[in-house]
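Colleague: sharing a sequence plus its predicted fold:
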Amino acid sequence: MLLDPRAPRFAAAVTTVVLAAALVTGSPVLLIAQAVVFAVTAANPRLGPYGLLYRAVVAPRIAPPTELEPAAPVRFAQLVGLVFVVVAAVGQLAGVPVVGLAATGAALAAAFLNAAFDLCLGCAGYLALRRLAGRPMAARVPTGLS
């Protein structure tokens, strides 16, 4: 499965806003909601709520992508995000806000890097693990539409 790389970047922008709000408010509810989004998107990136919003609202208004990216690195990145947000929610709910704030801050930093600079840390980690295993894969492939 190949994805428009702008969809995960859009999702990272929405995630940045959600995690910033969670960081400011200390809300475990926002963290749990984001955990659900991460879990759904990790299971199937095409069904992720932010990706659906991108395809319904943003994609019809912009040019088609000139390159696509494999879904596997995106799924891995969503799983990493899920782990951080679950740790953050558990920290908040267990009365250990320093754990919650640190894990939220780390997830927020990763989401911001993707949204602002198109640097997906989880995707890069997945691709590095593939290279180490001797099974490299391209991060993006041209669509032939350019």
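Modeller: It's in.
Colleague: C-alpha only now, for contacts and for neighbours.
Modeller: OK.
Colleague: would you map the helices across this structure?
Modeller: 6-25, 28-43, 49-53, 71-93, 97-117, 121-132 (DSSP state H).
Colleague: nearest to residue 144 among these would be which one?
Modeller: With Cα to Cα as the criterion, residue 144 lies closest to helix 6-25 of the helices of the chain, at 16.7 Å.
Colleague: which elements pack onto the closest one?
Modeller: Where contact means 3 or more Cα pairs under 8 Å, 6 or more residues apart in numbering; DSSP states H and E, helix 6-25 is packed against helix 28-43, helix 49-53, helix 97-117.
Colleague: now the angle between helix 71-93 and that helix, please.
Modeller: Computed with axes from the mean of the first three to the mean of the last three Cα atoms, to 10 degrees, the direction of helix 6-25 lies at 10 degrees from that of helix 71-93.
Colleague: ok, and what's touching helix 6-25?
Modeller: By Cα atoms under 8 Å, 6 or more residues apart in numbering, the residues outside helix 6-25 that reach it are 28, 30-31, 34, 50-51, 54-55, 65, 74, 101, 104-105, 107-108, 111-112, 114-116, 118.
Colleague: repeat that for stretch 100-109.
Modeller: 15-16, 19-20, 22-23, 26, 81, 84-85, 87-92.
Colleague: just the CA atoms of that stretch, as PDB, please.
Modeller: Provided in PDB are the C-alpha atoms of stretch 100-109 (Å, rounded to 0.1, in the frame of the first residue of the first chain):
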ATOM      1  CA  GLY A 100       2.900  12.200  31.500                       C
ATOM      2  CA  LEU A 101       4.500  15.500  30.700                       C
ATOM      3  CA  ALA A 102       7.800  14.000  29.500                       C
ATOM      4  CA  ALA A 103       6.100  11.400  27.300                       C
ATOM      5  CA  THR A 104       3.700  14.000  25.900                       C
ATOM      6  CA  GLY A 105       6.500  16.400  25.200                       C
ATOM      7  CA  ALA A 106       8.500  13.700  23.300                       C
ATOM      8  CA  ALA A 107       5.500  12.800  21.200                       C
ATOM      9  CA  LEU A 108       4.700  16.400  20.600                       C
ATOM     10  CA  ALA A 109       8.300  17.100  19.400                       C
END
